[in-house]
Structure formats: structure tokens, C-alpha cells
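# what follows is a predicted structure for the sequence shown.
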Amino acid sequence: MSLVDQFSAYSQWRAGASSAIGRLRQWLSHNEIGDAQGDLRLQCVLERLRDDKLTVAFVAEFSRGKSELINALFFSGYGDRVLPSSAGRTTMCPTELQWSADARPEIRLLPIRTRATHASVSELKRFAQEWLVLPLDISSVGSLQQGFSRVGDTERVSPAEARQLGFEVVPDSADGLKAGTDGLVEIPSWRHVVVQFPHPLLEQGLVVLDTPGLNAIGAEPELTLSLLPNAHAVLFILAADTGVTHSDLAVWREYVRGGSG
């Protein structure tokens, strides 16, 4: 079976389970057997089945072909690259690629300055006014390319402001950010991005989490605290021509293993 067929089979099982539980609720109610607590539990199960998603995180160091792989899996029908895949830091913040039945094609960008509120990304997902929403014309590869290019937006701020937003500014270290000749630090414009895009795999409940590489200037602290541990699977990508490098091992320890074990 192809990956699409497997997801389709899982979706059919989920729909069948939901239907069976719904019939059980009706039977219990009709025969006056159930109680309010039991009905609430069944309702919770139905909601979990309805909202169930399978999250796969794509993790790699820079220039390992991660964007090319995502392009091949989800955008090959356009005959051109949709995600930016040039050398360098093209993924500046965690980006979720997903599709919901009641959604429309769009890119939702969470401004980096929401870090100052100390609210988590999960919390801010409930407040639409905090996000910049850009519609996507899925019939135009140019529109898709223009929309996805916004994920790599950056801006220059003072070192003090960068620190206030949670970035580490370390002038004399290989880690952290450094001020340029103008005295300013480059930071990402966005903290998190959610892309709603109709694709057979995404329609079946798959969510792809595209992550920044190690030491990417947009690395969101919640990436290792929440997003990756909550992913159902992590796809760790290596380059065939270089094998496992020291930077790859650093990505593994920092992002995937998290220093445990």
C-alpha cells in the first residue's frame, strides 16, 4: 500500500470507530442505561477521534535537502520548487504544514514580538488577531512561492531588544547571535508559521513540522520543549555525500534526543 492508501485506511478506521461510539451513545441514552459522566467520556473520545492528527517533524542541519524533500512530497505536481531551497537558512522558524476540512488555503504567521507576551504558541493559536494571515492561490506556483518566501523574513534590531525577545546575543562565541557592523542583530520576523494546504496526505490528518536547523536565528525555544516531544515521529535527514557530521550530531543531541539517554 502507498502512504496515501495507508493514511486513507487509518482515516476510514477512525470514521468507523466514531460511528460505532456514536451509536453506542444513542443506545445507552435510548435505554436509559448511561449516566452523565459516561456520556461525557464518550464525547471526549469522539472529539479526540475527530481532531486526531499524526505529526511528523522533519529535522536536519542546513543544506541537507530537507526543503527539497518536502517539495518533492507535497508540491511535485507544480513542476517547480515551492518551498525556498537555496543554500543557507531558508526555514527561520517552525512551520506546520496541514489541512483541515473547514480551512482555506492560507499562511498564518505569528510575529516574533509575541514572545514579549510570554504566551506559548499553543495559547496564541486561539487568538486569530495575533496572526498575519495571507491567502494562498493554489492554482499559481508563483503565488505559492511568494507566500512561502515570507517564512524566511528577517529584521534588524538592537541587541537589547533581541535579548528581550529571548534571543541569546553572544559577541565572542560560535553560539548565539552577533551584532553586525551597524550594531544591530538580525532576528526572524516570525515566531511560528501554520500553512493550510490541500493535499491528499494532509487531508488524511498528517501534519508536517518543518524545523529550523541547529543555531538557526529563528529557533523557537518551544521547539525542543513542546513541538518535537509531542510529534508522533521525527524524520532525521542526513546528506548522502557527507554522511554523519559533527553538526548533524549536534542537531541530534540538541533537538531530537534532548540530552536524555
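Nice, I can see it.
# give me the low-pLDDT residue ranges for the stretch 101-250 of the chain?
172-176, 213-226 (pLDDT under 70).
# what segments of it are helices?
121-124, 141-149, 159-164, 200-203, 222, 228-230, 246-251 (DSSP state H, counting those that start in this stretch).
# which of these sits closest to Gln12?
For the helices of the stretch 101-250 of the chain, the distance to Gln12 is smallest for helix 200-203, at 12.9 Å, taking Cβ to Cβ. Heads up, the C-betas are built off the backbone N, CA and C, glycines and all.
# and the closest one, C-alpha only, in CSV?
The C-alpha trace of helix 200-203 is given here as CSV (Å, rounded to 0.1, in the frame of the first residue of the first chain):
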residue,chain,number,x,y,z
PRO,A,200,-4.2,14.0,0.0
LEU,A,201,-1.8,13.2,2.9
LEU,A,202,-2.7,16.3,4.8
GLU,A,203,-6.4,15.8,4.2
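# flag every buried residue along it.
Leu201, Leu202, Glu203 (16 or more other Cβ atoms under 10 Å).
# from Ile138, how far off is Phe197?
Phe197 sits 7 Å away from Ile138, going by Cβ to Cβ, to the nearest Å.
# now Phe236
For Phe236, the distance to Ile138 - Cβ to Cβ - is 30 Å.
# and the helices of the stretch 101-250 of the chain: which comes nearest Arg81?
Nearest of the helices of the stretch 101-250 of the chain (Cβ to Cβ): helix 141-149, 7.4 Å.
# flag every buried residue along that closest one.
Applying 16+ other Cβ under 10 Å to helix 141-149 flags Val141, Ser143, Leu144, Gln145, Gly147, Phe148 as buried.
# most distant residue from the centre of this structure?
Going by Cα atoms, centre = their mean, the residue of the chain most distant from its centre is Asn31, 45.1 Å out.
# how much space between it and Pro105?
Distance from Asn31 to Pro105, by Cβ to Cβ: 46 Å.
# ditto for Ala60
26 Å.
# try Glu47
26 Å.
# which residue is nearest the centroid of this protein?
Glu96 (2.5 Å).
# distance of that one relative to Asp153?
Distance from Glu96 to Asp153, by Cβ to Cβ: 17 Å.
# likewise for Gln146?
From Gln146 to Asp153 the distance is 12 Å (Cβ to Cβ).
# for Ala9, same thing?
Counting by Cβ to Cβ - Ala9 and Asp153 are separated by 39 Å.
# picking up where we left off before, Ala60 and Pro105 - which one has more neighbours?
Ala60 (24 against 18; other Cβ atoms under 10 Å).
# may I ask you to confirm that that one is in contact with Lys66?
Yes. Ala60 lies in contact with Lys66 (Cβ atoms under 8 Å); the separation is 4.1 Å.
# can you list residues touching both of the two?
Shared contacts of Ala60 and Lys66 (Cβ atoms under 8 Å, 6 or more residues apart in numbering): Ile237.
# I'd like to know how many residues surround the nearest residue to Leu184 once chain neighbours are set aside.
Closest residue in space to Leu184, ignoring its immediate chain neighbours: Arg156 at 4.0 Å, by Cβ to Cβ, 6 or more residues apart in numbering. Neighbourhood size, Arg156 [other Cβ under 10 Å]: 14.
# ok, now how distant is Val133 from Gly147?
With Cβ to Cβ as the criterion, Val133 and Gly147 are 11 Å apart.
# ditto for Arg113
21 Å.
# okay, strands next: where are they in the stretch 1-150 of the chain?
54-59, 95-98, 106-111, 132-135 (DSSP state E, counting those that start in this stretch).
# indicate which one of those is closest to Ser120.
strand 106-111 (10.9 Å).
# can you name the residues in contact with the closest one?
121, 124, 130-136, 147-148, 150-151, 189-196.
# which of those residues are buried?
Judged by 16+ other Cβ under 10 Å, buried ones among these: 121, 124, 130-131, 134, 136, 147-148, 151, 189-196.
# pLDDT at the closest residue to Leu28 other than its chain neighbours, what is it?
Excluding its sequence neighbours, the residue lying closest to Leu28 (Cβ to Cβ, 6+ apart) is Gly34, at 3.4 Å. Here, the pLDDT recorded for Gly34 equals 76.
# alright, I will stop here.
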